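Asks: can you look at this prediction? I've put the sequence above it.
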Amino acid sequence: MTRRVEVELRSARGRVVEEVDVSVVATDAAAVDMARRQAGISTAEFETGRVIA
């Protein structure tokens, strides 16, 4: 089972909102990491992220 979440990412590029499908048992931190990779934001550029929906 999966759920779709919206994740707000902040990086050197600015603010981005990404939608990702994650397992129902996935943590918010895992969703943020998946969204960061999907957006193509490197760990060096990444500042913060949070699940918003």
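Replies: Received, thanks. Residues are numbered from 1 along each chain as shown.
Asks: so which bits of stretch 39-48 are buried?
Replies: 39, 41, 46 (16 or more other CB atoms under 10 Å). In short, each C-beta sits where N, CA and C put it, glycine included.
Asks: ugh, typo on my part, it should be stretch 17-25
Replies: Quick answer for stretch 17-25 (16+ other CB under 10 Å): 18, 20, 22.
Asks: reformat the residues you listed as a markdown table; add secondary structure and distance to residue 5.
Replies: Putting the buried residues of stretch 17-25 into a markdown table (DSSP: H, G, I helix; E, B strand; the rest coil; distance: CB to CB, whole Å) gives the following:
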| residue | secondary structure | distance to residue 5 |
| --- | --- | --- |
| 18 | strand | 9 |
| 20 | strand | 6 |
| 22 | strand | 6 |
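Asks: which of those residues sits closest to residue 2?
Replies: Closest to residue 2 out of the buried residues of stretch 17-25 is residue 22 (6.3 Å), distances taken as CB to CB.
Asks: leaving out chain neighbours, which residue sits closest to the closest one?
Replies: Once flanking residues are discounted, residue 22 sits nearest to residue 31: 4.9 Å by CB to CB, 6 or more residues apart in numbering.
Asks: part of a helix, is that neighbour?
Replies: Yes: counting by DSSP: H, G, I helix; E, B strand; the rest coil, residue 31 is part of a helix.
Asks: residue contacts, it?
Replies: 5, 7, 20, 22, 51 (CB atoms under 8 Å, 6 or more residues apart in numbering).
Asks: then residue 34?
Replies: 7, 20, 22.
Asks: tell me the SS of residue 41?
Replies: Going by three-state DSSP: residue 41 is coil.
Asks: wait, isn't it in contact with residue 18?
Replies: No: using CB atoms under 8 Å, residue 41 is not in contact with residue 18, being 9.3 Å away.
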